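**Q** A structural model of the following input is requested.
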Amino acid sequence: MGAGWAFCPTERQLTDLYLHRKINDVPLPGDTGSFIHVADVYSAEPEKLVERLHRAPGTGKGDVHKMPVWYFFSPVRYVGGRKTNARGEPGRKSRTIKGAAGTGKHWHSEKGERPVKGGSDYGGHEQYFSYKVKNPSSGKDERGGWIMWEYSISPDHGGGDLVLCKIYPRQFQIPSSTPTRERHRPAATPRILRRARRGDSRTNTQCSWKALSPT
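**A** Predicted structure coming up:
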């Protein structure tokens, strides 16, 4: 999309279109690969993670999503590196920031895993997290100012080792080193967009974009 458009996919599109394609080595639509990054979201603090990376086009401005948003395909990390326990049950996932042992820096689950809105053909689920840091004085965990939604699909459809994460700050402050130039696909005409909206949102990539209101 050209200038004036924002990338705002639905939860179902994130699981059934983008994540499912990535897991099955199917090319992503358009140039979404330029801003859906591949990185371990637990490898660094969120403010460090997003440094020098392009945010999703159209986010951080306008009325669609006032906060800047970053998307990541991230590997799933398990405690002790074990995907299953001795009983063959799914292992416990590690949410601690790498190298931050003892600091309390981690992604805390605020809600349990739940099916994505609108249903999913691939067992798509979402889970909501907040970034927390231990206060050295009180020893209590405090909110670190970042939010993450984690999207996954069922192991029956290839899921389990890779997730798609949507990360954004609670307050509108973009790291100074983050690029502001955004790369886009050629703009679509309103007629094309209207026709796309009538199509199947699971596979129609035009439906992942919304027009920004004039300022």
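
**Q** switch to C-alpha atoms for all contacts and neighbour counts from now on
**A** Noted.

**Q** What segments of the protein are helices?
**A** 11-13, 20-23, 46-49, 190-197 (DSSP state H).

**Q** Those helices: lowest mean pLDDT?
**A** Mean pLDDT values for those show the minimum at helix 190-197, a mean of 30.

**Q** Could I have the CA atoms of stretch 157-168 written out in PDB?
**A** Output of stretch 157-168 as PDB, limited to C-alpha atoms (Å, rounded to 0.1, in the frame of the first residue of the first chain):
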ATOM      1  CA  HIS A 157      -1.000 -27.600  11.300                       C
ATOM      2  CA  GLY A 158       2.700 -27.200  11.800                       C
ATOM      3  CA  GLY A 159       2.500 -24.900  14.900                       C
ATOM      4  CA  GLY A 160       4.400 -25.300  18.100                       C
ATOM      5  CA  ASP A 161       7.900 -24.000  17.200                       C
ATOM      6  CA  LEU A 162       7.100 -20.600  15.800                       C
ATOM      7  CA  VAL A 163       4.700 -17.800  16.800                       C
ATOM      8  CA  LEU A 164       3.800 -14.400  15.500                       C
ATOM      9  CA  CYS A 165       4.100 -11.600  18.100                       C
ATOM     10  CA  LYS A 166       2.700  -8.100  18.000                       C
ATOM     11  CA  ILE A 167       4.500  -5.700  20.300                       C
ATOM     12  CA  TYR A 168       3.800  -2.000  21.100                       C
END
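
**Q** What residues of it count as buried?
**A** For stretch 157-168, the neighbour count (16 or more other Cα atoms under 10 Å) marks 159-160, 162-168 as buried.

**Q** What about these, which are in strands?
**A** 162-168 (DSSP state E).

**Q** Number of residues surrounding R77?
**A** Number of residues near R77 (other Cα atoms under 10 Å) recorded here: 20.

**Q** That one contacts I97, doesn't it?
**A** No - with contact defined as Cα atoms under 8 Å, R77 and I97 do not form a contacting pair (10.6 Å).

**Q** pull the helix or strand with minimum mean pLDDT from this structure.
**A** helix 190-197 (a mean of 30; mean pLDDT, DSSP states H and E).

**Q** Chain neighbours aside, what residue packs nearest to E126?
**A** Distance criterion Cα to Cα, 6 or more residues apart in numbering; nearest residue to E126, sequence neighbours excluded, is Y151 at 4.5 Å.

**Q** again, but for I147
**A** Per Cα to Cα, 6+ apart, closest to I147 is S130, 4.7 Å.

**Q** Would you confirm that the one you found contacts K105?
**A** No - taking contacts as Cα under 8 Å, S130 lies outside contact range of K105: 10.7 Å.

**Q** and those two? which has more neighbours close in?
**A** K105 (25 against 21).

**Q** The residue nearest to the more buried one when sequence neighbours are not counted: neighbour count?
**A** What sits nearest to K105 in space, not counting adjacent residues and going by Cα to Cα, 6+ apart, is V133, at 4.4 Å. Using other Cα under 10 Å, the number of residues around V133 comes to 20.
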